[in-house]
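Undergrad: Sequence and predicted model, in that order:
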Amino acid sequence: MSSSRRKGGGIHAGERRFAFALTMPGLLVLFLTTTFPLLYLIWSSFQTINLAMPFLDGFAGVDNYVQMWGDARFWHAIRLTGIYTTTSVVLQVVIGLGLALLVMQIPAGQWVFRIVAILPIVLAPVVVGLFWRTVMLSPNFGLVDYLIQALGFEQVNWLGAPTPALISVIIIHTWQWTPFAFLVLLASLASLPVDVYEAARIDRANAFQRFWHITLPLLRPAIVIVVIIRSMIALSAFAAIFAATGGGPGTASEILNLYAFKTSFIELNFGYGSALAVSLLVITMVVSGVLFYLRTARHPGTKT
Amino acid sequence: MNVYRHARLLRTIVLMIVTGALLLVWVLPLIWAFVVSLKSEREVLAYPPSVVFEPTWSNYVDALFGSFSIVDSLLTSTIVATATTVLTIALAVPAAYAFARLRLPAKRPLGFYTLATQMVPPVGLVIPYFLILNRLSWLDTYHGMVIVYLTFSLPFAIWLMVSYMEDIPWEMEEAAFLDRASRLQTLWHIVIPQVRGGIAVTVIFVFLNAWNEFLFAVQLGGNTVRPVTVAMYNFVSVEQTLWAKLSAAALVAMLPVVIIGIAAQRQIVKGLTVGAVKGGARK
C-alpha cells in the first residue's frame, strides 16, 4: 500500500484530493471560529482595552502580564482553581468508582441507577447552580440546611461565608458530574473479562486483593480518560459557580475563569481580562499535556 | 448451607439499602425541585419546609403563559440548538470520514489540531468574540450565536464521528468502488447509512450542549437572542425569592434535555465511553 505513497501523482492522488475537499470546510470553519479568536485574545492581552476608559486604549507591551505577576487576586484565583479542580475530580472518580463497584453487585435494578445518573449530566450547569443556590442551600428554607438542623447540627451559611462557599461550589460540581464517572466506569466494569476473576478466586485472592491487583489495573485506561475529561471541564467550569455564588462572597469562590470573566465584562478591562484568560489557556495546555503524557506512559501489566 | 444462603441474602439486602441511600443523594434534589414547583410562593417560605400541602399547577401555567413566560426563550434555544446541530453535522461527517478512512495529507497534525481546539477554555473565546462581534455588530444575533457555538460542537463532533467511522467494515466500500461508484456516491449511499447510529448520538450530544450553554449566551446574546439558560439566570437575579416559579420554569426548560437523556440513555453512555474504551487504541 505504502509503495504508491508518492507526492503528486499515483493512483491515490484522487483519494487525497477528495479527502482534502471533505476536510477543508470543517477545518476552515474551525480555524476561523477558534484559532482566529484565540490569536485575537493573545493580541489583546498585549493591549490596553478598557471600554470604560477608551481614551487609554493602545499597545501595552507586557504591562498586563507584569500587573498579573504582582496581583494577589490572580494568585488567589490560581490557588482556588487548583483546589477546585483536584478536589472535585478526585471526589468524582472515587465516589463514581465506589458506586459502580456497589451497583455491579446488586442482583437487579441496575437500570434505575443508570436512569437517575443520566439526569444530572443532561441538566444545564447554570440551572443546577440556581437550584442549589435556592431550594437546596438557602439558609432555613433550603433542603440541605433544613436536614442539617433537623439532625441537630449547627446551621451553616453555605453560600454566604467564604470557606463554605468554596465547599458548596465543589459539592455542586461533584454532585452533577460524579454520575459521568459512575456511568463510564460501570460500563468498563461490565466489559471486564470474567475468567481472570475465576482464576483469582481459585488462587484464594480476597476481595481487596482482587480489586487492587485485577480490577484497578484493568480499569486504569478508563479512569485516566475520566480524569482527563473531567479535569479539562473543571478547569473551565463557569456556569454553576456563576449562578450559585458569582465567585463570592468577595473572591472566596472566584476561580481563574470567573476572575477573567469579571475583569472583562464587569470591570470592562478587556486587556487585563485577556491576559488572565491567556494564563488559563496556558495552564489548561500544561495540565492536558501532563495528563496525556501519563496516559501514554508505559505501565507494566496494563495492556488492554 | 442454610447459614451460607442467609448470609448471602443479608449481604444483598444491606447492599440494596446502602446503594439505595446513595441513590437518594442524586434523586432527592430533583424530587425536591419538583415538589417546590408545585407549591405556592407562601408555602415555599414556610419553616420547617412543608412536605404536605395542596399542590398547584399555577406555577407551570405562569411559566408558560403568564408574566414570566419562557416560551420565547424556549423558541430561541430551539432555533440556536437546531441550527448549530445541522451545521455541525454537515461539516463534521465528511471531515470525520476523511480522517477515519482516507489518505489525507498531514492527517496526524490536522487530527491533533482538531483535538486541541476542543480544549480551549470558553472564557478564552468569549472575550475576543465579544470584541469581534461587537465590531461586526453581530452581538445579539442568531448567526453570531451559532458561529460561536460551532467552537465547542465542531471539534467534539468530528472526533466522535471518527470513532464511529472507524468501526464500519471495509468490504462495502470496496465493493462500491469496484462497481465504479464515485467517491461521493460511496460516502452518501454506503458509508452514511452505516453510521446513522453514530450520527444520531452526535446529534444528541451537540443539541444537548447547545441547549445547556450559558457563558456565551449570557454575554453575546441579548434581548433578541436569549436562550432559556439566560432567562433562568435573569429570573433569579430579578425575582430573588420566587422559587416555586423558578423551579417550574427551570423544569420546563430542562424537559427537552431530560426526555432526550432518558430516551437515549444507552446511546449517551456509549458516546461517553467511546473515548474511554477506544481512546487507548487511537494512534
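TA: Structure received. Nothing here was measured: the structure is a model prediction, and the numbers come from that model. Numbering: from 1, shown residues only, chains lettered A, B, ... in the order given.

Undergrad: And the pLDDT for A:Gly248?
TA: As predicted, A:Gly248 sits at a pLDDT of 83.

Undergrad: Now do the contacts for it.
TA: Going by CB atoms under 8 Å, 6 or more residues apart in numbering or on different chains, A:Gly248 touches A:165, A:254. C-beta coordinates here come from the backbone N, C-alpha and C atoms, glycine included.

Undergrad: Okay, now the unreliable bits of chain B?
TA: By pLDDT under 70, the weakly predicted segments of chain B are B:1, B:240, B:273-283.

Undergrad: which helix is the longest one in it?
TA: helix B:2-37 (DSSP state H).

Undergrad: Tell me the first helix or strand C-terminal of that helix.
TA: helix B:41-44 (DSSP states H and E).

Undergrad: Pull that following helix out as PDB, backbone CA atoms only.
TA: The C-alpha atoms that make up helix B:41-44 are tabulated as PDB, following Å, rounded to 0.1, in the frame of the first residue of the first chain:
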ATOM      1  CA  GLU B  41     -44.800  31.000  47.000                       C
ATOM      2  CA  ARG B  42     -46.100  31.400  50.500                       C
ATOM      3  CA  GLU B  43     -45.800  27.700  51.100                       C
ATOM      4  CA  VAL B  44     -42.100  27.800  49.900                       C
END
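
Undergrad: Give me the buried positions along it.
TA: For helix B:41-44, burial by neighbour count (16 or more other CB atoms under 10 Å in any protein chain shown) applies to B:43-44.

Undergrad: so, in contact with chain A or not, the helix or strand just after it?
TA: The C-terminal neighbour of helix B:41-44 among helices and strands, as given by DSSP H and E, is helix B:58-65. No: Helix B:58-65 stays clear of chain A (CB under 8 Å from any CB of the partner chain), getting no nearer than 12.8 Å.

Undergrad: orientation of helix B:58-65 relative to helix B:2-37 in degrees?
TA: 60 degrees (axes from the mean of the first three to the mean of the last three CA atoms, to 10 degrees).

Undergrad: what helices or strands is helix B:58-65 leaning on?
TA: helix B:243-263 (3 or more CB pairs under 8 Å, 6 or more residues apart in numbering or on different chains; DSSP states H and E).

Undergrad: who does the helix it packs on touch, helix- and strand-wise?
TA: Against helix B:243-263 (3+ CB pairs under 8 Å, 6+ apart) you get helix A:110-122, helix A:125-131, helix B:2-37, helix B:41-44, helix B:58-65, helix B:71-101, helix B:196-212, helix B:228-238.

Undergrad: now it: how far from the chain's centre is it?
TA: 13 Å (CA atoms, centre = their mean, to the nearest Å).

Undergrad: With only the CA atoms kept, save that helix in PDB.
TA: Taking C-alpha atoms only, helix B:243-263 is exported to PDB below (Å, rounded to 0.1, in the frame of the first residue of the first chain):
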ATOM      1  CA  TRP B 243     -38.600  29.800  44.000                       C
ATOM      2  CA  ALA B 244     -41.700  28.000  43.100                       C
ATOM      3  CA  LYS B 245     -42.000  29.800  39.800                       C
ATOM      4  CA  LEU B 246     -38.300  29.400  39.200                       C
ATOM      5  CA  SER B 247     -38.500  25.700  39.800                       C
ATOM      6  CA  ALA B 248     -41.400  25.300  37.500                       C
ATOM      7  CA  ALA B 249     -39.800  27.300  34.700                       C
ATOM      8  CA  ALA B 250     -36.500  25.500  35.100                       C
ATOM      9  CA  LEU B 251     -38.100  22.100  35.000                       C
ATOM     10  CA  VAL B 252     -40.000  23.100  31.800                       C
ATOM     11  CA  ALA B 253     -36.700  24.500  30.300                       C
ATOM     12  CA  MET B 254     -34.900  21.300  31.100                       C
ATOM     13  CA  LEU B 255     -37.800  19.000  30.000                       C
ATOM     14  CA  PRO B 256     -36.400  18.600  26.400                       C
ATOM     15  CA  VAL B 257     -32.900  17.500  27.600                       C
ATOM     16  CA  VAL B 258     -34.300  15.300  30.300                       C
ATOM     17  CA  ILE B 259     -36.600  13.500  27.800                       C
ATOM     18  CA  ILE B 260     -33.700  13.100  25.300                       C
ATOM     19  CA  GLY B 261     -31.500  11.900  28.200                       C
ATOM     20  CA  ILE B 262     -33.800   9.200  29.400                       C
ATOM     21  CA  ALA B 263     -34.800   8.100  25.900                       C
END
